[in-house]
Structures are given as C-alpha cells and as structure tokens.
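Fold the following for me, if possible:
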Amino acid sequence: MKQFKKRVLLALFMAVCLFSLSACSKEADKASTVDPLMAANLQEQTVLLLENITALSADELDLLIEQNRAAGSEAVALGLENYESLYDDLGAYQSSDEGAIEEAENGYEVRVNAVFANRACEFILLVDGETLNITSLTFEPEYTLGENMSKAFMNMVMGMGTVFLVLIFISWLISLFKYIGNFDKKSKQTAPAPKAAAPAPVAAPVVEENLTDDLELVAVITAAIAASTGTSPNGLTVRSIRRAPGNKWKRA
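Now for the predicted structure:
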C-alpha cells in the first residue's frame, strides 16, 4: 500500500507543478518585461520543483523518469537524467536562492542558484510562453579552475591516446602486407603447371609397294588384260602395279 501511494504521489508531482504554472498563463504580460505576479509564481514553482527533485531517492528518480517519458514529457525526463548523472559530483542538496526570471525566445527562463554538499549548481528551467510547459530542465555544476583544467587534460589524453592507437593499428596492418605478398608468391609457385595439350595424331604416310618385281603377278595381270581386250599378250607391257584401297573392295 505504501509503495502504491508513493507511485501515485510521484505521478502527481509533475502534474501539480505544471498545473500551478499553467494557472498563471492568463496573467502573463506580452510586453518586453515579465509581469511581477507571473514572475513570482514561476520562481516559486521552480524552487519547489528543484526541492522535490533533490528529495527523491535513486529508485524514485528512476520511476519518475519512466513516468514522464511514458507521458510524453521528454524534456523533464532528460533533465532528471541530467541530475542523476551529476548526483555524485553535486552531493546532497542544501539550499537555493529565490531565482531569477527573464523572457526567452519562445517563453521564459528561470535560473535558480543552488548549493549542494560538494559544489554550487545552477538550475535552469525553460518554459513555453504559450502553454507554460517545461521545454528544458538543466543542472549546470560550477567546477573550479583546477577541475576544469584536469578534465581538459584528461580529454586531451584520451583524444591523443585514441589517435595514437589508431595509427599503431594502421601501421601494424601495413606491416602485414609483406606477408600477404610472400604468401601470394608461394601459392603461385606451388600451383601445378598446366598440362600441355596432346599433339594431334599424324597420319602415317602411305607407302606404296612396288609390285612390278613380282613376275608371276605381272604375267597374270598381262594375260587378264589381253583376254579382256582381245589382243596378244606380247604387245602389252606392264610398267607399274598399284594395290587398290581395301575399302573400295568392301563397297563393291
């Protein structure tokens, strides 16, 4: 039951603050100066908002951030996250002045100087001039010169260190190129040489056999020619005999 009441109070917290600011919207002076009543209400509500934020525990602050983000109050959620990130630097809240208000470009800007356990901090609240909704919520701690110099030095060291690490990494990559070249050469050397194409078969030259020395064959051929032509074998002279290809006899 206590947890439920706590959540309800946290949910109503920002609504009450915004409602209080909105109640004064009709009294705003559109001239170059802020209406005194309007200024007093804005200052009072800003200080009240600061005191309520700093009184929250870590769990309550996380819950309030989620509720504002779910309700569409992104500016409030970001401001609360800003305070949460600075909690260790600021320490516990102690006191604040009544604040100062001035017209901004699109509304009003309220600045409250607060004192925390570790350092002073300026709480800045920007309010829309038409709806009086919070458009920005910021905590700006005041650091000493030594702290600013220390942070600047650390940022410089981090930046230069990052640059040197990147350069060292690039140099290491470049040094690996020679191993890549050697590996490429070795792979080419170990690659099998392409096989030479087999030579086209060369047809063996046809050797003509001289059959004119075979006297018996000559006599038989001479007699056959003489018989087919009806002439005397004595008038025939065989000068050369050639063997006909075998495929012609097969086709006959």
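
can you map out the helices along the stretch 101-250 of the chain?
Using DSSP state H, counting those that start in this stretch, the helices of the stretch 101-250 of the chain run over residues 145-175, 177-190, 215-229, 246-251.

So which of the ones you listed is the most surrounded?
Comparing these on average neighbours per residue, with mean count of other CB atoms under 10 Å, the densest one is helix 215-229 at a mean of 12. Just so you know, the C-beta spots here come from the backbone N, C-alpha and C atoms, and that holds for glycine as well.

For the helices of the stretch 101-250 of the chain, give me a markdown table that also has mean pLDDT and distance to residue 73.
Output for these, formatted as a markdown table (pLDDT from 0 to 100; distance: least, CB to CB, whole Å):
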| stretch | mean pLDDT | distance to residue 73 |
| --- | --- | --- |
| helix 145-175 | 88 | 31 |
| helix 177-190 | 71 | 56 |
| helix 215-229 | 73 | 126 |
| helix 246-251 | 53 | 106 |
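
Adding distance to residue 44, write the ones you listed out as a markdown table.
Shown next, in a markdown table, are those (distance: least, CB to CB, whole Å):
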| stretch | distance to residue 44 |
| --- | --- |
| helix 145-175 | 33 |
| helix 177-190 | 70 |
| helix 215-229 | 145 |
| helix 246-251 | 125 |
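
can you tell which of the ones you listed is closest to residue 88?
helix 145-175 (13.5 Å; CB to CB).

Could I get the full set of strands for the protein?
Secondary structure of the chain (DSSP state E): strands at 93-96, 100-103, 107-116, 120-128, 134-141.

now these as CSV including mean pLDDT, distance to residue 63 and mean neighbour count?
Converted to CSV, the strands of the chain look like this (pLDDT from 0 to 100; distance: least, CB to CB, whole Å; neighbours: other CB atoms under 10 Å):
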stretch, mean pLDDT, distance to residue 63, mean neighbour count
strand 93-96, 93, 19, 14
strand 100-103, 89, 30, 15
strand 107-116, 93, 22, 19
strand 120-128, 92, 21, 20
strand 134-141, 91, 17, 19
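
want to throw the ones you listed into a markdown table with distance to residue 60?
Formatted as a markdown table, those follow (distance: least, CB to CB, whole Å):
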| stretch | distance to residue 60 |
| --- | --- |
| strand 93-96 | 14 |
| strand 100-103 | 28 |
| strand 107-116 | 18 |
| strand 120-128 | 18 |
| strand 134-141 | 17 |
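
Of all the ones you listed, which one is nearest residue 81?
Per CB to CB, nearest to residue 81 of these: strand 134-141, 9.8 Å.

which residues are contacting that closest one?
With contacts defined as CB atoms under 8 Å, 6 or more residues apart in numbering, strand 134-141 is touched by 18, 73, 75-76, 78-80, 82-83, 86, 89-90, 106-107, 119-128.

again, only using 7 Å
75-76, 79, 82-83, 86, 89-90, 107, 119, 121-128 (CB atoms under 7 Å, 6 or more residues apart in numbering).

What strands flank that strand, and is each parallel or antiparallel?
Applying DSSP bridges, strand 134-141 is found paired with strand 120-128 (antiparallel).

what's the angle from the strand it pairs with to strand 107-116?
160 degrees (axes from the mean of the first three to the mean of the last three CA atoms, to 10 degrees).

Output strand 120-128 as PDB, restricted to C-alpha atoms.
Provided in PDB are the C-alpha atoms of strand 120-128 (Å, rounded to 0.1, in the frame of the first residue of the first chain):
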ATOM      1  CA  ALA A 120      27.300  25.000  -6.300                       C
ATOM      2  CA  CYS A 121      25.000  24.400  -9.200                       C
ATOM      3  CA  GLU A 122      22.700  26.500 -11.300                       C
ATOM      4  CA  PHE A 123      19.200  25.000 -12.000                       C
ATOM      5  CA  ILE A 124      17.800  26.300 -15.300                       C
ATOM      6  CA  LEU A 125      14.200  25.900 -16.300                       C
ATOM      7  CA  LEU A 126      12.800  26.900 -19.700                       C
ATOM      8  CA  VAL A 127       9.100  27.300 -20.000                       C
ATOM      9  CA  ASP A 128       7.000  27.700 -23.200                       C
END
